[in-house]
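**Student:** coords please:
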Amino acid sequence: MDLHAIIYVSSATTIVPFEEFQESVDLSRAQFREQGITGILIFAAGNILVMLEGDRDLITAAYRKGMERPHHNFIKLYDKPLKTRFFEDHPLAVKVINTDEWKPADDFQSEEQKEYLEECLNSDHSTMKILKDFIKNNT
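**Tutor:** Predicted coordinates:
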């Protein structure tokens, strides 16, 4: 398998209840776990950045399936081969920024997880620079 990454941003066109968001994340995690897809979803008050890692055909199919959702507009930022996974233990990690009522969905609340994310973001890889800029611009 050739490892590949896709990063896209999305802005919500309607307000989605937290429960619906959590159900969608849980469903995606189950599907991604079966397909060997890993990655992260960063939620910032209606703006979402998603990075998917895995087989190119599988993550492209997941990206296209996401585009079918009626609540969002999508812009692809990155679509290239990847040498190593950054989120190998996460079929879809979630990071919540500036939205207190959605904090329960945040997978990076413990000190260990915060350090792990910070270590990833401090990488010189272009994918991590995109994530870091998204976080900076939405904080």
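
**Student:** residue ranges of the strands in the protein, please?
**Tutor:** Applying DSSP state E to the chain gives strands spanning 3-12, 38-44, 47-55, 72-81, 93-97.

**Student:** now mean neighbour count and mean pLDDT too, for the ones you listed, in CSV please.
**Tutor:** C-beta: built from backbone N, CA, C; applies to glycine. Listed next are those as CSV, based on neighbours: other C-beta atoms under 10 Å; pLDDT from 0 to 100:
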stretch, mean neighbour count, mean pLDDT
strand 3-12, 19, 91
strand 38-44, 22, 94
strand 47-55, 22, 94
strand 72-81, 13, 88
strand 93-97, 21, 95
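
**Student:** wait, which of the ones you listed is closest to residue 112?
**Tutor:** Distance to residue 112, taken as C-beta to C-beta, is lowest for strand 93-97 among the strands of the chain, at 13.2 Å.

**Student:** looking at the strands of the chain, which is closest to residue 107?
**Tutor:** Using C-beta to C-beta, the strands of the chain put strand 93-97 closest to residue 107, at 4.7 Å.

**Student:** run through who's touching that closest one.
**Tutor:** 25, 39-45, 87, 102-103, 105-108, 117, 135, 138-139 (C-beta atoms under 8 Å, 6 or more residues apart in numbering).

**Student:** change it to 6 Å
**Tutor:** 40-44, 87, 102-103, 105-108, 138-139 (C-beta atoms under 6 Å, 6 or more residues apart in numbering).
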